[in-house]
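*Asks:* no FASTA, just this:
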């Protein structure tokens, strides 16, 4: 069974940066699109970004120009670099493996999820 582990969350001031990591234990991620989602208290889970197996990426409008997704298949890891963070970016962030060939912003298209990492943007 594919297991994902996120790390890199924390408390940061507005305007700051964080880099989230998503790694797989005992499995390879290289063949799959990987998505990042976030969920704030009382809100629905929303897609943040996705990277295809070949490196193509998509972003939610709310994070375009601030977040960058990348992957290193040799390291079996996907990263989400988050810059110019805003208080509205506060949420639990999750990575997930898409059970298909192309990126999607719908959480129902993703088959395996990590446990999440908390990002809090506050002064």
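*Replies:* Nice, I can see it. Because the structure is a prediction, the values reported are computed rather than measured.
*Asks:* the residue nearest the centre of the chain: what secondary structure?
*Replies:* Centrality entry for the chain: nearest residue to the mean C-alpha point is residue 36, 2.5 Å, by CA atoms, centre = their mean. For residue 36, the assignment made with DSSP: H, G, I helix; E, B strand; the rest coil gives strand.
*Asks:* for it, give me its contacts.
*Replies:* Taking CB atoms under 8 Å, 6 or more residues apart in numbering, we find residue 36 in contact with 20, 22, 47-50, 69, 78, 80, 93-96. (C-beta placed from N, C-alpha, C; glycine too.)
*Asks:* if you set the cut-off to 7 Å instead, what comes out?
*Replies:* 48, 49, 69, 80, 93, 95 (CB atoms under 7 Å, 6 or more residues apart in numbering).
*Asks:* again, but for residue 42
*Replies:* Applying CB under 7 Å, 6+ apart as the definition, residue 42 turns out to have no contact partners.
*Asks:* one step back: just the closest of the contacts of residue 36 to residue 115, please.
*Replies:* Of all those, the one sitting nearest residue 115 is residue 95; the distance, using CB to CB, is 9.9 Å.
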